[in-house]
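Participant: Provided below are the primary sequence and the corresponding predicted coordinates.
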Amino acid sequence: MLTQQELLTRLRPLLEKEGRLYQKVTRIFARPAREGEVVNTVTADGLETVNVARPGDWLVRNQTEAEEQYLISAAKFTRRYECIQPADDGWAEYRAVGRIRALELTPQRLNALDLCAPFDFVAPWGSLMTARQGDFLACPEDGDEVYRIARAEFEQTYLPLDERKNEGR
């Protein structure tokens, strides 16, 4: 299993050479998480990861077919999202303001990374995460972490910046 730093070290040169900038174009719902709350992130292809809420974390629910949920620290949440629709039930609607650099895990890229799919690595929050061929590996623009985004959810959520300009969203 790769550590977060080992995967980042392998991935950075390939991201700089072949990665594209993407913007999350779907909105999310979010609410403050309850300390100790256990969140199972389930995508269209099954359980992706498990995380436990720490003080100040936010619980995010994507507006995808899987409606996958995940936790994010308060500091990251405020950098990456802005509220557009407050709600009375604790959940509010947000839009993404950050961008990611990502690339698809093709056989050629897996070979360049000296990895075989599927492979396991430690997610930024310390839990196990499994990446498969066809998934995307993503880093926020600051490049301080790497995580997997399952293919189906990536296609439902992100657009390359050059396509987003033409979309008029």
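Facilitator: On my side now, so go ahead.

Participant: could you list the single helix or strand in the chain with the lowest mean pLDDT?
Facilitator: For the chain, counting by mean pLDDT, DSSP states H and E, helix 161-167 ranks last in confidence among helices and strands (a mean of 62).

Participant: okay, and the beta partners of the residue nearest the centre of the chain?
Facilitator: Central residue check for the chain by Cα atoms, centre = their mean: the C-alpha nearest the mean position is that of residue 149, 5.3 Å away. Per DSSP bridges, residues listed as beta-bridge partners of residue 149: residue 136.

Participant: first-to-last residue distance for stretch 88-104?
Facilitator: The first and last residues of stretch 88-104 sit 38 Å apart, counting by Cα to Cα, to the nearest Å.

Participant: go on, stretch 72-83?
Facilitator: For stretch 72-83, the first and last residues are 15 Å from each other (Cα to Cα).

Participant: run the chain-centre distance for it.
Facilitator: With Cα atoms, centre = their mean, to the nearest Å as the basis, the distance from the averaged C-alpha position of stretch 72-83 to the chain average is 13 Å.

Participant: buried set for that stretch?
Facilitator: For stretch 72-83, burial by neighbour count (16 or more other Cβ atoms under 10 Å) applies to 72-73, 76-77, 80-81. For glycine as for every other residue, the C-beta is placed from the backbone atoms N, C-alpha and C.
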